[in-house]
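>>> here is the input, now give the coordinates:
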Amino acid sequence: MEVLSSRTMIVTDDLERARAFYEGTLGLSLAREFGAGGSVSGVVLFLGGGFLELSLGPAPSFGRSMKLWLQVSDLADVERHLRQAGVLVLKGAERMPWGLDELWIEDPHGIEVRLIEVPPEHPLRRRID
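Down below sits the predicted model:
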């Protein structure tokens, strides 16, 4: 199987609230909107090497089975911004035992979003042949 593209989808019953969080608060850029009859029923946002789709529909319960992992370049700056914006911080930025710096927040749907900064000395920063 060859995967050509990837997309994470979040179905929400409050598209505007979801857009406000992912576009406004997190600053993800819009790739496209879609819908019918002039009405927007979903958006696709750029998400690094993939996409995040927010689609209008009956919102399922995610529980803690879904987590969104987003790598950022300056975790301290991101944490300051998110705290000022009133985002629920589940775990403040800290170096984890596996060597990544992580900040855990919650989106408006209860989905845990893990924001990651890879330290310069971490193996993810270099190619191991």
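
>>> quick check: residue 116 vs residue 86, distance?
22 Å (C-beta to C-beta, to the nearest Å). Any C-beta I mention is one placed from the backbone N, CA and C, and that applies to glycine too.

>>> of the two, who's got more company?
A direct count of neighbours by other C-beta atoms under 10 Å for residue 116 and residue 86 places residue 116 higher, at 17 against 8.

>>> which SSE is that one in?
For residue 116, the element it lies in under DSSP states H and E is strand 112-117.

>>> partners of that strand, with directions?
Using DSSP bridges, strand 112-117 pairs in its sheet with strand 67-71 (parallel), strand 101-106 (antiparallel).

>>> averaged pLDDT, the last one. What do you get?
If I follow you right, that is strand 101-106. Averaging pLDDT along strand 101-106 gives 95.

>>> give me the buried positions along that strand.
Residues 101-105 are the ones in strand 101-106 that count as buried (16 or more other C-beta atoms under 10 Å).

>>> the first one now?
Of the residues in strand 67-71, those with enough neighbours to count as buried (16+ other C-beta under 10 Å) are 68, 70.

>>> contact partners of the very next helix or strand once past that strand?
Reading on from strand 67-71 to the C-terminus, the next helix or strand found by DSSP H and E is helix 75-84. With C-beta atoms under 8 Å, 6 or more residues apart in numbering as the contact definition, helix 75-84 has outside contacts at 25, 72, 89, 92-93, 101-103, 105, 115-117.

>>> just the closest of those residues to residue 41, please.
Nearest to residue 41 among the contacts of helix 75-84 is residue 25, at 21.5 Å by C-beta to C-beta.

>>> what bits of this protein have low per-residue confidence?
1-4, 59-64, 125-129 (pLDDT under 70).

>>> contacting residues for the closest residue to residue 87 other than its chain neighbours?
The shortest distance from residue 87 to any non-neighbouring residue, by C-beta to C-beta, 6 or more residues apart in numbering, is to residue 105 (5.2 Å). Residues in contact with residue 105, defined by C-beta under 8 Å, 6+ apart, are 82, 87-90, 112-113, 115.

>>> again with residue 116
Contact partners of residue 116, counting by C-beta under 8 Å, 6+ apart, are 69-72, 75, 100-102.

>>> show me where the chain has helices.
Using DSSP state H, the helices found in the chain span residues 15-19, 75-84.
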